[in-house]
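[1] Next one to model:
(chains A and B, ligands or ions: 1)
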Amino acid sequence: MTKIDTSRPETVLPTPSHTVGPFYGYALPFPGGGDIAPVGHPDTITLQGYVYDGEGKPLPDALVELWGADPDGNVPTADGSIRRDPATGGYVGRNGVEFTGWGRIQTDANGHWYARTLRPGARGRSAPYISVCVFARGLLVHLFTRIYLPGDDAALAADPLLSRVDRSRRDTLIAEDDGKGTYRFDIRLQGEGETVFLEFQ
Amino acid sequence: MTLTQHDIDQEIAAEHAAYEKRVTDGAPMEHHPRRDYAPYRSSILRHPQQPPIAIDVSKDPELVELHSPAFGERDITEIDNDLTRHHRGEPIGERITVSGRLLDRAGRPVRGQLIEIWQANSAGRYAHQREQHDAPLDPNFTGFGRTITDADGGYRFTTIQPGPYPWRNHLNAWRPAHIHFSMFGSAFTQRLVTQMYFPADPLFPYDPIIQSVTDDSARQRLVATYDHDLSVPEFSMGYHWDIVLDGPHATWLEEGR
Ligand SMILES: [Fe+2]
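    Numbers count the residues shown, from 1 in each chain, chains lettered A, B, ... in the order given. Next up is the predicted model:
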């Protein structure tokens, strides 16, 4: 039953999600996956943090994907995040000029991830944010969240999502300013300080 | 106390019965697993306990999540979708082709998007250092491929039939043979990572991962169909698997491309 008859819309039902499992590490991550910012761009920011489970233990096998607008709030349309070398099949990295807006990082053995990207501009009524998708062994369906950057309190207060989130949990969506354009954003999958996750409808 | 297959079978049956009861009582069909599915032990500490915050995308067409990252010819090589050609020699095992279409909920093709796959070799071993299953590695098989969907949403991979493999969820736990798939849609909200299975695998009832999809018809959508027309004479066995991405997305921007 896996040939879909598109002339019968009632038969077009979603393919179920599954966990990414423990062994994606030689397949999905690629060198420079978190080096999203074009080289030397003045709006470059560094994002970093840990992914924790319900016992507060860092996950050494989580996969984090980031997707964000450029500093003017425009959606990037350039491909080339995973550029390849047609001769060797290896990775040549981003070209350092174009901004693809998307990156993929596997947490290291300490459960830590980092990325260098561009400070996103605002779109619509939202305060500037970077969209995050988290995958892990044990996680049967990926999780969406957002990284909002601190600083512009008026914009954060007016954000349609943040204004709906309970005060006590709102800060899980706002990165911590560590100075020099570096921000800390931890992801807690469960328990105390659990990150606010999103469901798009 | 050792956790046995019998223990897990009972938990799987209880979860299945609980789902059937919810549907009988009027709850909607569940296309996806619940994240807190205890028979899969690794889920216990890795699922949120708070409900997610719902975002109605129709109220804000500007959301960046309604767009997708772009991938192109630069991001793949010509032989990425033929996993049997990534080394000098021929990999060991039964050669297969897996082909189908990437669609959205309205049945429209998702064009020009990235599909990635990874899998165990024919002996059931991944080319991953942390994988210590006592089965041989194949020097001619890594088990990882990429492709970009064509104008019809079509994709095609040539690979080797993966073997089933043991894992440590419980005593004597075995995963049915599967290929891991990762897909992008026309919106980031449609992102999907899942696993494709092969027809009539005897391990299905014992596996808490496929059983985490508690809806019987939804589970069937993870199983490819053997397609004799896709089999290549004297070369490979053919399987057909169409993929339907869930999640809302913006107006069909790609039309006419
Ligand atoms: Fe697997």
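
[2] which residues touch the closest residue to B:His86 other than its chain neighbours?
    Distance criterion C-beta to C-beta, 6 or more residues apart in numbering or on different chains; nearest residue to B:His86, sequence neighbours excluded, is B:Thr142 at 5.5 Å. For glycine as for every other residue, the C-beta is placed from the backbone atoms N, C-alpha and C. If you count contacts by C-beta atoms under 8 Å, 6 or more residues apart in numbering or on different chains, B:Thr142 has them with A:Tyr26, B:Leu83, B:His86, B:His87, B:Ala127.

[3] Do you know the pLDDT at B:Thr142?
    Confidence per residue is given as pLDDT, and for B:Thr142 that number is 96.

[4] Check B:Trp252 too.
    At B:Trp252, the pLDDT value in this model is 41.

[5] Select the longest helix from chain B.
    Counting by DSSP state H, the longest helix found in chain B is helix B:5-24.

[6] how distant is it from the center of its chain?
    On the basis of C-alpha atoms, centre = their mean, to the nearest Å, the separation between the geometric centre of helix B:5-24 and that of its chain is 22 Å.

[7] what's in contact with that helix?
    With contact meaning C-beta under 8 Å, 6+ apart, helix B:5-24 is reached by B:29-30, B:37-39, B:169-173, B:205-206, B:208, B:211, B:214-215.

[8] can you do 10 Å?
    B:1, B:3-4, B:27-30, B:33-34, B:37-41, B:169-174, B:205-208, B:210-216 (C-beta atoms under 10 Å, 6 or more residues apart in numbering or on different chains).

[9] Sketch out the low-pLDDT regions of chain A for me.
    In the predicted model of chain A, residues A:1 satisfy pLDDT under 70.

[10] can you pull out the strands in it?
    A:44-52, A:62-68, A:102-106, A:112-118, A:129-136, A:143-148, A:176-177, A:182-184, A:187-188, A:198-200 (DSSP state E).

[11] Can you pick out the most distant pair from the contacts of B:Thr142?
    Spatially, the most separated pair among those is A:Tyr26 and B:His87, at 13.9 Å (C-beta to C-beta).

[12] quick check: longest helix of chain A.
    Scanning chain A for the helix with the most residues, using DSSP H, yields helix A:153-158.

[13] returning to that earlier point: which one among the contacts of B:Thr142 gets closest to B:Gln113?
    Proximity of the contacts of B:Thr142 to B:Gln113 was ranked by C-beta to C-beta; the top entry is B:Leu83 with 19.5 Å.

[14] what about the closest one, distance to B:Gln161?
    11 Å (C-beta to C-beta, to the nearest Å).

[15] Then A:Thr117?
    Between A:Thr117 and B:Gln161 the distance is 40 Å, computed by C-beta to C-beta.

[16] the more surrounded of the two?
    A:Thr117 (27 against 18; other C-beta atoms under 10 Å in any protein chain shown).

[17] That one contacts A:Asp43, doesn't it?
    Yes - with contact defined as C-beta atoms under 10 Å, A:Thr117 and A:Asp43 form a contacting pair (9.2 Å).

[18] Can you pull the residues that touch both of these two?
    Each of A:Ala37, A:Asp70, A:Phe99 lies in contact with both A:Thr117 and A:Asp43 under the rule C-beta under 10 Å, 6+ apart.

[19] What are the boundaries of the helices in the chain?
    You didn't say which chain, so I picked chain A. According to DSSP H, the helices that chain A contains are A:153-158, A:167-170.

[20] um, chain B though
    Ranges of helices within chain B are B:5-24, B:216-220, based on DSSP H.

[21] With A:Gln201 as the reference, measure out to the residue nearest to B:His86.
    Where A:Gln201 is concerned, B:Thr142 sits at a distance of 39 Å (C-beta to C-beta).
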